[in-house]
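In: no FASTA, just this:
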């Protein structure tokens, strides 16, 4: 297994380089740039802009700038933000925890609700629970996050005044846990509603497929109860596609809920990325891209190891 892990990590190196190079090229070829943003403010003269261009290294060819950035990255230097002049690593570290709190709460809640509903829906087709599961899955898959966010803010925050409209804490409360949870409720619900639909559909489909297998019929012929058959035999063998579906939310978990964070003014990675793109802050954009890319590559490796643990027929090669 160690050999397999090392081999996968070596394969990840060219993938990582390819992804970062493509992202770096695209953001640098996009219309505008950090200097155009600064020039629009009217606070800098042409000579100041030219001096700034040289100091930031923007006068060098794109390929040269990429390898300079890559060399700094290998030394653990993510660069300095063009917009705030802060270290990118510090800016990202300040935003990671709020993003994990928000999207992590939403996804964990989706797992705890979506998978049981999917199992019950497969276990009791055409029942009340099956209809409820289908309805929840339909809502999760069809309602856009921005619409649901605005609807909840208008109804529950503005009209009924049950929840705050934005932010992570109320002004003057400090780091109060109750206030944090109060602010977290609405955006976390929005983050969880779409994964709930995906988990319900995938769990139901996988469990139904396994329930038609011959060994399930054998288990029934031995007198095992339906509950034992579903939970002990069917669900475990249906886990691989379910785990795959859950793993697809990992980039979302790390990258933050961009739309939701913007609407609820949540200080996470997603809102940082939007601000960086708007201001053409290349170092911050690349720092967030490296974070997401690295986590996705590592999680793909972990996912393969989970596959082998769930199914002994899967071997490492």
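Out: Arrived safely, thanks for sending. It should be emphasised that the depicted structure is a prediction, and the values quoted were computed from it without experimental measurement.
In: show me where pLDDT drops low in the chain?
Out: When residues are selected by pLDDT under 70, those of the chain lie in 38, 41-44, 172-174, 252-256, 311-317.
In: try 50
Out: Segments of the chain classed as low confidence (criterion: pLDDT under 50) are not present in this model.
In: ranges for the strands of it?
Out: In chain order, the chain shows no strands, with DSSP state E as the criterion.
In: where exactly do the helices run in the stretch 101-250 of the chain?
Out: Counting by DSSP state H, counting those that start in this stretch, the stretch 101-250 of the chain has helices at residues 128-142, 145-152, 177-211, 214-221, 226-228, 235-237, 239-247, 250-255.
In: Would you enumerate the residues in contact with the residue lying closest to residue 86 once chain neighbours are set aside?
Out: Using CB to CB, 6 or more residues apart in numbering and skipping the chain neighbours, the partner closest in space to residue 86 is residue 80 (7.1 Å). Placement of C-beta: from N, CA and C, glycine included. Applying CB atoms under 8 Å, 6 or more residues apart in numbering to residue 80 gives the contacts 86-88, 283.
In: now with 7 Å?
Out: Contacts here follow CB atoms under 7 Å, 6 or more residues apart in numbering; on that basis residue 80 touches 87-88, 283.
In: Filter these down to just the buried residues.
Out: When burial is judged by neighbour count using 16 or more other CB atoms under 10 Å, the buried members of the contacts of residue 80 are 87-88, 283.
In: Put together TSV for these, with distance to residue 26 on each row.
Out: Compiled in TSV, the buried ones among the contacts of residue 80 are given as follows (distance: CB to CB, whole Å):
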residue	distance to residue 26
87	24
88	18
283	15
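In: can you pull the contacts of the residue lying closest to residue 271 once chain neighbours are set aside?
Out: Closest residue in space to residue 271, ignoring its immediate chain neighbours: residue 261 at 4.2 Å, by CB to CB, 6+ apart. Applying CB under 7 Å, 6+ apart to residue 261 gives the contacts 268, 270-271.
In: Highest neighbour count among the residues you listed?
Out: Compared across those, residue 268 has the highest neighbour count, 27 neighbours, by other CB atoms under 10 Å.
In: For that one, give me its contacts.
Out: Contacts of residue 268 were listed using CB under 7 Å, 6+ apart, and they are 95, 98-99, 102, 256, 261.
In: Repeat that for residue 201.
Out: For residue 201, the set of contacting residues under the criterion of CB under 7 Å, 6+ apart consists of residue 137.
In: repeat that for 10 Å
Out: Applying CB atoms under 10 Å, 6 or more residues apart in numbering, we find residue 201 in contact with 114, 118, 121, 133-134, 137-138, 140-141, 245.
In: Over to residue 101?
Out: For residue 101, the set of contacting residues under the criterion of CB under 10 Å, 6+ apart consists of 168, 180-181, 184, 187-188, 266, 268.
In: From those residues, list just the buried residues.
Out: Neighbour counting with 16+ other CB under 10 Å marks 168, 180, 184, 187-188, 266, 268 as buried within these.
In: State the pair within the residues you listed that is farthest apart.
Out: The distance between the two most remote of the buried ones among the contacts of residue 101 (CB to CB) is 13.4 Å, for 180 and 268.
In: overlap in contacts of the two?
Out: Taking CB under 10 Å, 6+ apart as the criterion, residue 180 and residue 268 both touch 98, 101, 168.
In: roughly how far apart are the closest residue to the first one other than its chain neighbours and residue 96?
Out: Beyond its immediate neighbours in the sequence, the residue positioned closest to residue 98 (CB to CB, 6+ apart) is residue 268, lying 4.6 Å away. With the distance defined as CB to CB, to the nearest Å, residue 268 ends up 8 Å from residue 96.
In: Contact partners for residue 31?
Out: Residues in contact with residue 31 (CB under 10 Å, 6+ apart) are residue 280.
In: for the contacts of residue 268, which one is nearest residue 204?
Out: Closest to residue 204 out of those is residue 102 (27.2 Å), distances taken as CB to CB.
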